[in-house]
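1. No letters, just coordinates:
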C-alpha cells in the first residue's frame with residue numbers, strides 16, 4: 001500500500017458528524033465521539049496494511065520454532081521441547097522473545113529480530129506520516145469538542161492524542177534487536193489496547209501476599225497506567241526499628257508521567273524509599289515477610305514484551321525493611337501486565353494482590 005493510498009484512507013479528517021455526545025458532567029460517563037471511532041478504524045486499517053510484512057515475518061518465526069520443536073522431539077530432547085512449547089505460547093500473545101538460554105531458540109530469535117528491525121526501519125517513514133495524519137484529525141476533534149463545551153469527551157480524545165504522541169516518539173527512536181517496539185501495531189505493546197482491555201474487564205488478580213485484616217480497596221487509575229514500583233514507607237514495629245509500614249503504588253502513564261496511587265496503610269512512618277522500575281520494565285512480582293501485616297519486601301521487575309512481560313528479562317530490587325521470620329510469600333503476575341492493586345488497608349499493609357491485564 002503506497003502512502004498516497006494511506007492518505008486517502010485517512011482523508012477527510014475535517015468532516016465530522018454534526019452532533020457530538022452531550023456533556024454529562026461526569027467524566028466516568030464520557031464516551032468516544034463517532035468521529036474518533038471512524039478515525040481509529042481508518043488508522044488501524046492503514047497501520048495493519050503497513051505492518052503486513054512484519055505479520056508475515058512473525059508467522060514465519062512460528063513455523064521455524066514449530067519445525068525445531070518437531071526436530072527436537074524426534075531426538076528425544078525433552079528439555080528443548082518444553083522450552084520451545086513455552087516460547088510458542090508466549091509469542092502468540094506477546095511476540096517473539098529474545099536472548100533465550102536455549103541456544104537453538106536463541107539463534108532463531110536473533111534472526112527474527114534482525115529481519116524485524118530492517119523491516120520496521122523500511123516502513124517507519126510511512127508509519128510516521130500515518131501517525132501525523134491521525135494526530136491532525138484528533139487535534140481537530142479535541143478543538144471542536146472544546147468549543148462546543150463537551151469537556152469530558154475532549155479530555156478522553158486528548159488521551160488518544162497523547163498515546164499517539166508517545167507511539168511517534170518510540171518509533172522515532174532507532175529500532176533494536178529484541179525491542180518491544182519493533183512492530184508497534186503487530187503483537188506489541190499498545191496504550192490503546194491496554195485501555196480497551198481495561199474497559200472490557202479483561203482483568204485478573206494475582207495470588208496474595210501479606211495477610212492482615214483491613215478494609216479491602218481496589219485501585220485501577222482512571223488514567224490508564226502500568227505499575228512500575230512503590231513508594232515504601234518505613235518505621236518501627238515490634239523489636240525492629242525499620243519495617244515496612246506503608247506502601248503506595250507508582251504508575252507510569254502513556255505520557256511518561258509517574259503518578260502515585262493510594263497509600264496502602266494508615267501507619268505513621270519516619271522515612272520513605274522510592275523503588276521504581278527502569279525504563280521498559282514493570283512490576284512482575286513481590287516477595288514479603290509478614291507478621292500482622294507486611295514487614296519486609298522486595299520487588300521483581302520484568303521487561304515489557306508486547307501486551308505482557310518477558311520472564312527471561314528480569315531483575316530484583318534490594319530488600320526493604322528489617323524482619324526475620326513470619327509468613328514468607330511471593331506473588332507473580334505470570335507474564336501479565338500489572339495495571340492496579342487490591343488489598344486490605346489497615347494500620348499496616350495487609351493482604352495485597354496485583355490487578356493484571358488478562359490477555360488470554
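-> Looks like it came in fine. All values derive from a computational prediction rather than experimental measurement.
2. before we move on, what SS does residue 132 have?
-> Under DSSP: H, G, I helix; E, B strand; the rest coil, residue 132 falls in the helix class.
3. hey, where'd the strands end up in the stretch 151-300 of the chain?
-> Secondary structure of the stretch 151-300 of the chain (DSSP state E, counting those that start in this stretch): strands located at 203-205, 215-219, 225-237, 240-253, 258-260, 271-276, 281-290, 294-305.
4. The residue nearest to residue 192 when sequence neighbours are not counted: how many residues sit nearby?
-> Sequence neighbours aside, residue 163 is the residue nearest to residue 192 in space, at 5.9 Å (criterion: CB to CB, 6 or more residues apart in numbering). Yep, even glycine has a C-beta here, placed from its N, CA and C like the rest. Per other CB atoms under 10 Å, the neighbour tally for residue 163 reads 20.
5. Enumerate the positions of stretch 53-61 that are buried.
-> 53, 54, 57, 58, 61 (16 or more other CB atoms under 10 Å).
6. Relative to residue 95, how far out is the second one?
-> In this case it means residue 54. The gap separating residue 54 from residue 95 is 10 Å, by CB to CB, to the nearest Å.
7. Same check on the third one?
-> Separation of residue 57 from residue 95 (CB to CB): 11 Å.
8. got it, and residue 109?
-> Applying CB to CB to residue 109 and residue 95 gives a distance of 11 Å.
9. So for the two, which residue has more residues nearby?
-> residue 95 (25 against 22).
10. distance between stretch 35-55 and the chain's centre?
-> 21 Å (CA atoms, centre = their mean, to the nearest Å).
11. avg pLDDT for it?
-> Across stretch 35-55, the average pLDDT comes to 88.
12. buried stuff in that stretch?
-> Result for stretch 35-55 [16+ other CB under 10 Å]: buried residues 35-36, 38-40, 42-43, 46-47, 49-51, 53-54.
13. Where does pLDDT dip in this protein?
-> 1-30, 93-94, 170-188, 213, 360 (pLDDT under 70).
14. the domain parsing of it - what is it?
-> 3-188, 203-357 (automatic domain parsing).
15. Mean neighbour count, those: which tops it?
-> Greatest average neighbour count among the domains of the chain goes to domain 203-357 (a mean of 19), per mean count of other CB atoms under 10 Å.
16. Pull up the distance across it, start to finish.
-> 5 Å (CA to CA, to the nearest Å).
17. chain center to it: distance?
-> Worked out by CA atoms, centre = their mean, domain 203-357 lies 16 Å from the chain centre.
18. Over to stretch 147-157?
-> With CA atoms, centre = their mean, you get 26 Å for stretch 147-157.
19. ok, so what distance separates the residue lying farthest from the centre of the chain from residue 295?
-> In the chain, the greatest distance from the average C-alpha position (CA atoms, centre = their mean) is reached by residue 239, at 39.6 Å. Separation of residue 239 from residue 295 (CB to CB) stands at 11 Å.
20. From residue 244, how far out is the nearest residue to residue 348 once chain neighbours are set aside?
-> Spatial nearest neighbour of residue 348, chain neighbours left out: residue 293 (3.0 Å); criterion: CB to CB, 6+ apart. Counting by CB to CB, the gap from residue 293 to residue 244 is 8 Å.
21. ditto for residue 151
-> 41 Å.
22. Likewise for residue 62?
-> Residue 62 is 44 Å from residue 244, by CB to CB.
23. what's the answer for residue 38, then?
-> For residue 38, the distance to residue 244 - CB to CB - is 50 Å.
24. Can you verify my assumption that residue 353 contacts residue 203?
-> No - with contact defined as CB atoms under 8 Å, residue 353 does not reach residue 203; the gap is 11.2 Å.
25. And the residue nearest to residue 348, its phi and psi?
-> phi 120, psi 170 (degrees, to the nearest 10).
26. List the residues that contact it.
-> Shown in contact with residue 293 (CB atoms under 8 Å, 6 or more residues apart in numbering): 210, 211, 212, 244, 265, 346, 347, 348, 349, 350.
27. out of those residues, who's nearest residue 67?
-> residue 210 (46.2 Å; CB to CB).
28. which residues does the closest one contact?
-> 288, 290, 293, 294, 329, 343, 344, 349, 350, 351, 352.
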